[in-house]
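1. build me a structure from this.
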Amino acid sequence: MSRIGKMPIELPQGVEVKIADGNLVTVKGPKGTLEQTFDAKIKIELNDNVITLTRPDDIKETRALHGLTRALINNMVVGVTQGYTKELEINGVGYRAAKQGKTLVLNLGYSHQVNVDEIDGITIDVPNQNKITISGIDKQKVGQFAANIREKRPPEPYKGKGIKYADEVIRRKEGKTGK
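-> Down below sits the predicted model:
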């Protein structure tokens, strides 16, 4: 049995889950609603505010789907109750971020400003000019949006300039003067 897949998911207060035909799972909570369709091989059951998942056989593909499906449903439940946030830091002389309406304006040492628009379900917050906070209820969307912003100027190993995650450690390299 999958160690992750066999663990039940307990639903917190105020979370509603509907399981429709074709394994369409809809999770509704205080922060919003998420829905996703899962593979039909995995059986999803809801009993007394506890979701359990079972698989029919021990084929490698269904074993992998068992843990994946449980993790995705758990991420949906956590998303509609607590939400997800990613923090980015900007390092570099003259590098800064500002928010104008629903647009994030980045000065990253290019000859032009880089503009990034908010998408549905994602909110951008700029507490100071060197920090960006991205939050939302969908873990995958938040992570992908943060990765797209980081991609505009990834951190380089010599001076550490660029956009990095707040908990990311940049392995520094010695320059060419270090014989």
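2. if you count neighbours, what's buried in the lengthiest helix in the chain?
-> Longest helix of the chain, by residue count under DSSP state H: helix 60-81. Residues 62, 65-71, 73-81 are the ones in helix 60-81 that count as buried (16 or more other Cβ atoms under 10 Å). For the C-beta atoms, the positions are set from N, CA and C on the backbone; glycine is no exception.
3. same question for stretch 4-19.
-> Here stretch 4-19 shows 5, 9, 11, 15, 17, 19 as buried, counting by 16+ other Cβ under 10 Å.
4. strands of the chain, start to end?
-> 9-10, 16-20, 24-29, 32-37, 43-47, 50-54, 84-91, 96-100, 103-107, 114-117, 122-125, 131-136, 162-165 (DSSP state E).
5. among these, which is nearest residue 173?
-> strand 162-165 (13.8 Å; Cβ to Cβ).
6. for the closest one, which outside residues touch it?
-> If you take Cβ atoms under 8 Å, 6 or more residues apart in numbering as the criterion, strand 162-165 is touched by 86-92, 95, 106, 108, 132, 146, 149-150, 152-156, 170.
7. flag the shaky bits of the chain, pLDDT-wise.
-> By pLDDT under 70, the weakly predicted segments of the chain are 1-2, 178-179.
8. just the buried residues of the contacts of strand 162-165.
-> By 16+ other Cβ under 10 Å, those give 86-92, 95, 106, 108, 132, 146, 149-150, 153, 155, 170 as buried.
9. pretty sure residue 146 is touching residue 134, no?
-> Yes: counting by Cβ atoms under 8 Å, residue 134 is a contact partner of residue 146 at 5.0 Å.
10. fine, thanks again, bye for now.
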